[in-house]
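Participant: Show me the folded form of this:
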Amino acid sequence: MSDQVPDLKEKCLLSNDIYDYWYVSQGKTTVPSIDDKEDMMFADEAFDILGFTNDDKYDTYKNTACMMHMGNMTKDFVPVGKEEQAEIKNEDNAVKVAALLVLTVSG
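Facilitator: Next up is the predicted model:
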């Protein structure tokens, strides 16, 4: 997500480094003919035209950010016992996803 929408990265708990997000950094991360800031501006304006409230827009952005954070969760688990069992070794991404989805985290 670009910086075109003010405070978007902060609200979505995103860093400035696309390589922090495994799901979205596997292919080409830059394409000379694509202006990410312009595309983000168009998307944000389209939400306005469609009558999305600010909360609706940010919920959509947060959902996308959840997918970005969840892509990193594959490296947050370690196998335990049988192959279908695992324990979390780093819950940072899970906590971010829970916060974005407004879920309660319990210990």
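
Participant: which stretches of the chain form strands?
Facilitator: 77-79, 86-88 (DSSP state E).

Participant: what packs against the last one?
Facilitator: Helices and strands in packing contact with strand 86-88 are listed as strand 77-79; criterion 3 or more CB pairs under 8 Å, 6 or more residues apart in numbering; DSSP states H and E. Backbone N, C-alpha and C define where each C-beta goes, glycine included.

Participant: thinking in terms of the whole chain, how far from its middle is the strand it packs on?
Facilitator: Centroid displacement of strand 77-79 relative to its chain, using CA atoms, centre = their mean, to the nearest Å, is 22 Å.

Participant: Give the partner strands of it in its sheet and their orientations.
Facilitator: According to DSSP bridges, strand 77-79 has the following sheet partners: strand 86-88 (antiparallel).

Participant: Let's test this: mean pLDDT of the partner strand, rounded?
Facilitator: Confidence over strand 86-88 (mean pLDDT, whole number) is 85.

Participant: just how off-centre is it within its chain?
Facilitator: The answer for strand 86-88 is 22 Å, by CA atoms, centre = their mean.

Participant: In contact with the residue nearest the centre of the chain, which residues?
Facilitator: A centroid search over the chain (CA atoms, centre = their mean) returns A65, at 1.6 Å, as the residue closest to the centre. Counting by CB atoms under 8 Å, 6 or more residues apart in numbering, A65 touches M1, C12, L13, L14, L100.

Participant: So the residue nearest to N16 when sequence neighbours are not counted versus S33, what's the distance?
Facilitator: Distances taken as CB to CB, 6 or more residues apart in numbering place K9 nearest to N16, at 7.0 Å, with adjacent residues excluded. The span separating K9 from S33 equals 24 Å under the rule CB to CB, to the nearest Å.

Participant: Neighbour count for those two, which is higher?
Facilitator: For K9 versus S33, neighbours defined as other CB atoms under 10 Å are more numerous around K9 (16 against 4).

Participant: In the protein, where's the longest helix?
Facilitator: Looking across the chain with DSSP state H, the single longest helix is helix 54-71.

Participant: correct me, but D36 touches V5?
Facilitator: No. Between D36 and V5 there is no contact under CB atoms under 8 Å: 11.6 Å.
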